[in-house]
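Visitor: how would this look folded up:
(chains A, B and C)
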Amino acid sequence: MPELLLQFLVTGITVGSLYALVGLGFALIYNASDVVNFAQGEFVMLGAMTAIALLNAGMPLLLAAIIATSLTVLVGLLLERFAIEPAAGASVVTTIIITIGAAIFLRGVALLLWGKDFHALPPFSGEAPIRLGGATVLPQSLWVLGVTVALVLLVRVFLNRTLLGKALLACSFNRTAAQAVGINVKAMLRLAYGLSAGLGALAGILIAPITFSSYEAGVMLGLKGFSAAIVGGIGNPMGAVAGGLLLGVLEALGAGLVSSGYKDAIAFLFVLMVLFFEPTGLFGHKAAERV
Amino acid sequence: MRLAGFYLFALGVALLPILFPDNYFVIVVGASAGLHVILAVGLNLLMGYAGQISLGHAAFFGMGAYASAILTTRFGWPSLLALAAGLLATGALAWLFARPILRLRGHYLAMATLGFGVIVHVILVQATQWTGGPDGLSGIPALNLLGWRVDGDEQWYGVIMAAMLLVVWLTLNLVDSQVGRALRAVHGSEFAAQMMGVDTGRAKTQVFVISALFAAFAGSLFAHQQAFVSPDSFNLTVSVELVTMVVLGGLASTFGAVCGAIALTLLQQGLVVFEDYEMLIHGALLMAVMIFMPQGLFVGLSQAARRVRHRLKRRQPLPST
Amino acid sequence: MTALSSALLPSPLLAVTGLEQSFGGVMALAGVSFQVAEGLIYAVIGPNGAGKTTLFNALCGFYQPSAGSIRFADQELLGLPPHRIAARGIARTFQNLQLFFNMTVVENVMVGCHLRARTHLLAAALRLPWVQRQEQQLREWAIAALELCELADRAGQPAGSLPYGLMKRVEIARALAAKPRLLLLDEPAAGLNDTETMALRDLIGRIRANGVTVLLVEHHMPLVMGVSDRLLVLDYGSVLAEGAPADIQADPRVVAAYLGGAVNYAV
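Guide: Model (predicted):
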């Protein structure tokens, strides 16, 4: 039994890392613009699918990953420029529908490019499972974990130590004041969308060898990322990371101990409970804002 | 006065099958649009008038449909009784769920309703012994209205349109009453509404339950009309489509919701021709409308028309009065 | 006031005792006490941040004061939600306009009649005859309130299309439509020009003549001094002085803390 629990934990943390990265993207965009970007999951899908297509075209993995991420960042910037910027100041409902429209549009593009089939990347470093105290770990899981930790640390250093990152956070506290002290709020918006798209794409590429990807793969991932952001306290980047990990572990435990079919229901039931009893998130907005 | 538009609409609905006899498209797409109108009008009460977003409305639609499907096929209940039981169960659940969920606002409310929708959908897929799982339930008997077995596309057109007109009439009455004004007041300024003596929590709960009931009603009709239900008809995509209808028509206008529902139904029918391009066009249209006409297609278009008329008028010399 | 005389007097309509309200350690109300007799026009003045609007929001149940008591017509209001307080007979206007911009002027005021109406959801949806009759009645009440505020000719217009001064008056009409015993006016003169302020002064007089007690928060000194029967001066969340306008103007502490040159305007 302890081995089984350990196994669930490993699976949960792997999946949770993915949610964490998507949730981090949500939080960054929410900080900069008060918009919840429902196309966040599509960034993950685009990253994975583009990398797979490039690899199949004969490109080496690393190059394929770099180009796929760059293309997704470009998509994120285009989304900001042509869908979010023109609708500045719109109501919550309007922005939700715009980003949902963008998600459907991107899914439509993916459907045209790659059809309805499932695709996968080969694992980065073999498939031989590693034994870890009774649990088996896929080498790819270690990749997911390692890169996620690195990315989260990078984002954290960026937000807290660099002028640009601090400017981005300033936007989230008070946009008018940020503008008044000379921060280019528009540029910050683009930065947030580009960064979120890049994080999403990398998450997609990392997970593509473990879970198959298709044009629809982004829907549930986007929702889980949104859940992670909400659980962590919306607009709180590190809270979103913690929320993602928690959600992933909970889901893996639910799938293992209750029923794998109900794992999504368990995850969302948890989110509902958090909303009902601790609506500002588990990792209080202000407490975790600063390090 | 207020009902003049309603009578005109009812007349149009009645005339359609006479003007286009034996026209499959009018009858079948019309019935489908009718169900969408019921759903959209109910959701508009919640979103447009009370100002509360719901991204999980397909769940209530599905609960009505599955209540009818399960009770008639597995327990042999008469269809009207099953419909009533479905309404009762959905209404009760909505009532229980309303208080905690409507305390939330904005994105939190969006997340909570969305989560609720996903949970219900997962249950429909997973509770196989009741719902038939992903394959759904077939062999749902015809709707039996006190001895009349509703059968065939024409009869279904009649029944669904009658139901739709009933729902639109009830909604128009409600919105135009003190209850409806209190509701709009909640949207306008919740604090001021409270100071006028409006129990805003109760008002929001009531409207949430009504909109759930309308959705369950549509679901029940849908189950009998199709004689088959499966979870795919009640997933997140459907919830999003319902929100789209309401927003497309323009929030806080019952006829706006009616128009939005009809427009999206026609659009879906039209886009089928484009096959693989359907999604792409759907998404692009959604973005375009929301960016350029955030008040909805119909307010947007009428404003554009007014601008054109205004410009034309200015070109003419002023009348000498 | 001796114990004997206070026993002989009728109990006040509103009695606030030791009201305390703090926000994150800052005492916005530090034990405020005062009494308002029925039929008076009672003004609350004080510099910005003195706690005037906080006092109003506490009276309305929007805040939950940490200590004290608010007795209205001999019943405790503390702890009741706003809509229950409204039902006891208190109506108010807002410093920042809180009109229902999604409605016409008369519809706004009809919402004000809410407590006088029977609201039955099913009956409304079915358009029962009594609902129709009540609609007529509510409209008449609303028009009467609009007439008192000289707004009857604007009844059918969208609330948001009115000039600012008139919007403020719609809020007063809306509050009056509830037939309150106590009307709270939160800076009704803010943003008004001189003519409008004079009209407001007449309106407040008419409201009192209709038997409504008025509690007024206002910065416009000529209006306050001209219209009120008694004044309460707040400073840093505490009562600085209380009394008739003439006494307040003569009170050196008030002059020092707040009134300054404004006293000269007094009517």
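Visitor: so residue B:64 touches residue B:87, yeah?
Guide: Yes - if you go by CB atoms under 8 Å, residue B:64 and residue B:87 touch, sitting 7.0 Å apart. Where C-beta positions appear, they are placed from N, C-alpha and C, glycine not excepted.
Visitor: ranges for the strands of the stretch 51-200 of chain C?
Guide: C:67-72, C:75-76, C:90-92, C:182-186 (DSSP state E, counting those that start in this stretch).
Visitor: burial measure for residue 242, as a count.
Guide: Picked chain A for this. With neighbours defined by other CB atoms under 10 Å in any protein chain shown, the count for residue A:242 comes to 21.
Visitor: hmm, I had chain C in mind actually
Guide: With other CB under 10 Å as criterion, residue C:242 counts 18.
Visitor: just give me the longest helix of the chain.
Guide: Picking chain A for this. Longest helix of chain A, by residue count under DSSP state H: helix A:2-33.
Visitor: ah, no, chain C please
Guide: helix C:129-148.
Visitor: what does that helix contact?
Guide: In this structure, residues lying in contact with helix C:129-148 by CB atoms under 8 Å, 6 or more residues apart in numbering or on different chains are B:177-178, C:105-106, C:109-110, C:112-113, C:116-118, C:120, C:123-124, C:152, C:154-155, C:173-174, C:176-177, C:203, C:206-207, C:210.
Visitor: quick one: buried residues of it?
Guide: C:131, C:134, C:135, C:138, C:139, C:141, C:142, C:143, C:145, C:146, C:148 (16 or more other CB atoms under 10 Å in any protein chain shown).
Visitor: for stretch B:153-168, same thing?
Guide: Quick answer for stretch B:153-168 (16+ other CB under 10 Å): B:153, B:155-161, B:163-165, B:167-168.
Visitor: got a pLDDT number for residue 45?
Guide: Looking at chain A here, since you left the chain open. In this model, residue A:45 is scored at 96, pLDDT.
Visitor: should've been chain B
Guide: 93.
Visitor: distance from the helix or strand encompassing residue B:243 to the middle of the chain?
Guide: Assigned by DSSP states H and E, residue B:243 belongs to helix B:236-249. Put simply, helix B:236-249 sits 8 Å off its chain's centre (CA atoms, centre = their mean, to the nearest Å).
Visitor: quick check: next helix or strand after it?
Guide: helix B:254-271.
Visitor: which residues sit against the helix or strand just after that next one?
Guide: Downstream of helix B:254-271, the next assigned helix or strand under DSSP H and E is helix B:278-292. Residues from elsewhere that reach helix B:278-292, judged by CB under 8 Å, 6+ apart: A:83, A:86-87, A:90, A:94, A:97-98, A:100-109, A:111-112, B:244, B:247-248, B:267-268, B:271-272, B:274, B:296-297, B:300.
Visitor: cool, stretch C:164-174 as well?
Guide: In contact with stretch C:164-174 (CB under 8 Å, 6+ apart) are residues B:196, C:93-94, C:97-99, C:105, C:108-109, C:111-112, C:142, C:145-146, C:148-151, C:154, C:159-160, C:162, C:183, C:185, C:188, C:191-193, C:196, C:200, C:203, C:207.
Visitor: now the residue positioned nearest the centre of chain C, nearest residue through space, not along the chain?
Guide: For chain C, residue C:184 is the residue whose C-alpha lies nearest the centre (CA atoms, centre = their mean; 0.8 Å). Spatial nearest neighbour of residue C:184, excluding adjacent residues (CB to CB, 6 or more residues apart in numbering or on different chains): residue C:92 at 3.7 Å.
Visitor: quick one: contacts for the one you found?
Guide: B:195, C:56, C:60, C:175, C:183, C:184, C:185, C:186.
Visitor: please indicate which of the contacts of helix B:278-292 are buried?
Guide: A:83, A:87, A:90, A:94, A:97-98, A:100-109, A:111, B:244, B:247-248, B:267-268, B:271, B:296-297, B:300.
Visitor: distance from stretch A:75-86 to the middle of the chain?
Guide: For stretch A:75-86, the distance to the chain centre is 18 Å (CA atoms, centre = their mean).
Visitor: quote the end-to-end distance of that stretch.
Guide: One end of stretch A:75-86 to the other measures 16 Å (CA to CA, to the nearest Å).
Visitor: that stretch and chain B, are they touching?
Guide: Yes - if you take CB under 8 Å from any CB of the partner chain as the test, stretch A:75-86 does meet chain B, through A:83, A:86.
Visitor: near chain B, which residues of chain C are found?
Guide: Going by CB under 8 Å from any CB, the residues of chain C near chain B are C:60, C:62, C:81-83, C:86-87, C:91-92, C:94, C:98-103, C:107, C:110-115, C:117, C:119-121, C:124-127, C:131, C:134-135, C:138, C:174-175, C:178.
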